[in-house]
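Asks: Got a predicted structure here, sequence first:
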Amino acid sequence: MPEGSTVAEVKTISQLGDARTGKLADNLSGFGRSLRRAGVRVDAARMALAQQAVMLVGLQSEDFCAALEAVLVSREQDRLVFRELFDAYFRNPNVAQKLLAQMLPSAESKAEPAKRRPRVSEALAPVRAASNAPPPREDEKIDFDAAMTASDLQRLRQADFNQLSASEYLLVERLAREVPLPLPRYAARRTRPGVRGSRPHWPGAMHHAARNGGEVLRIPLLQRRKQPLPLLVLVDVSGSMERYARLLLAFLHAATAPRHTGDAVRRDVFAFGTGLTDLTPAFRLADTDAMLQVASHSINDFAGGTRMGDSLAQLRLQHARRLVGRRTLVLLISDGLDTGTPEVLAQELGWLRRHCGRLLWLNPLLRFEGYAPTARGASELHRQAHGTVAVHNLSRLQDLAASLAAVLRQ
């Protein structure tokens, strides 16, 4: 026994190995890097807790996996990803060595399962050493995009947002920003000169007469301006909607920008989970990436639960003036998995329906053929909404404009 060491300290050293020569810290660090590549939020504080947890339960304990999961996973949707990575990393030494070395292997491990989630597969994929690889040039990115085949683009258009890997998700998010969304227009009160109208525009007639020697050759008419419908967007940011929420926010920000619509669109955007968050100031930013960054800092209940009725009550009490008469088009983006009181949700949805032009439910769960709104929140949304549209892939986003027009014709 080393001088000054207790029996418990010697037992720990014999179980985990000497910290100066052992592999425990390297293995945990490599495992943390693979979790981050899979999209799991892991920072230095969590890694320090992971080392303490392993020291407490021991490597031979059955609670080893549970201890790491307890300190490294904070979101329900990351649990299955963690377990698959844990099995591949700690129960397959070949995969662990590849991840630690960060080198291109000559062959894939035979012990890997045949089918994994895209986030896990990409995290286990070989990665180039960052210290030796120069940063990619801009022309290389263009060549990569140009080299993508038509079948690859078609697959991305039909792929569910929740099933994409991290790199595919970033590419699809960039493609979604280019999808147009021509909003329906209405005849406003203000007028402008045009070829069709009901009233003469006498100042315009006098202006033309002054240019033609005082003769009135034609009388222009005044016609009502055409403006896009006011838009109210309510986005569910609960755990089950996390990936859909970010991508749809980027899509709506770019599609309703003045450079795409030609006119300024009145758009009020709110995120709801356990509470309501006003994202309208973030949507005033011209850059979509800046908007997403400000929105992520503003939302305090991201990837949490859903109390839709309480959030709509907060909208009614504090932001009722955002609803412009009977013309506002409301886009409610949610899967309908509500944990609040059904009576409150029914009351607030009824108020929202009475104070807007159309209430459209954008539901990503419609990707399932046999889907039925049997949940309490989903059934109430299905009853109150004027229409329901699937928004789980790029193809559905491209059809959203036609769906809006169909709902408004009802």
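Replies: In hand now; what should we look at?
Asks: from the chain's centre, how far out does the longest strand belonging to the chain sit?
Replies: Counting residues, the longest strand found in the chain (DSSP state E) is strand 185-194. Mean-position distance between strand 185-194 and its chain equals 36 Å (C-alpha atoms, centre = their mean, to the nearest Å).
Asks: Each with direction, which strands does it pair with?
Replies: Take DSSP bridges as the rule and strand 185-194 pairs in its sheet with strand 221-228 (antiparallel).
Asks: which residues does the closest residue to Leu329 other than its chain neighbours contact?
Replies: Spatial nearest neighbour of Leu329, excluding adjacent residues (C-beta to C-beta, 6 or more residues apart in numbering): Leu229 at 4.6 Å. Backbone N, C-alpha and C define where each C-beta goes, glycine included. Applying C-beta atoms under 8 Å, 6 or more residues apart in numbering, we find Leu229 in contact with Leu183, Pro184, Arg185, Tyr186, Arg327, Thr328, Leu329, Gly357.
Asks: likewise Ala264?
Replies: Ala264 makes contacts with Pro258, as judged by C-beta under 8 Å, 6+ apart.
Asks: same thing with Met291?
Replies: Counted by C-beta under 8 Å, 6+ apart, Met291 has contacts Leu249, Ala250, His253, Ala282, Phe283, Leu285.
Asks: mind running it again at 6 Å?
Replies: His253, Ala282, Leu285 (C-beta atoms under 6 Å, 6 or more residues apart in numbering).
Asks: how near is it to Gly273?
Replies: Separation of Met291 from Gly273 (C-beta to C-beta, to the nearest Å): 19 Å.
Asks: start to end distance for stretch 158-177?
Replies: Using C-alpha to C-alpha, to the nearest Å, the end-to-end distance of stretch 158-177 comes to 16 Å.
Asks: can you check stretch 202-220 too?
Replies: First-to-last residue span, stretch 202-220, C-alpha to C-alpha: 8 Å.
Asks: in that stretch, what counts as buried?
Replies: Buried residues in stretch 202-220, counted by 16 or more other C-beta atoms under 10 Å: Ala205, His208, Pro220.
Asks: where does the stretch 201-350 of the chain have low pLDDT?
Replies: Along the stretch 201-350 of the chain, segments meeting pLDDT under 70 span 259-263, 324-325.
Asks: Assign a three-state SS to Met206, would you?
Replies: Secondary structure, DSSP: H, G, I helix; E, B strand; the rest coil: Met206 is helix.
Asks: please begin residue numbering at 42 from this point
Replies: With the count now opening at 42, the last piece we talked about shows up as Met247.
Asks: give the contact list for it.
Replies: So Met247 contacts nothing (C-beta under 6 Å, 6+ apart).
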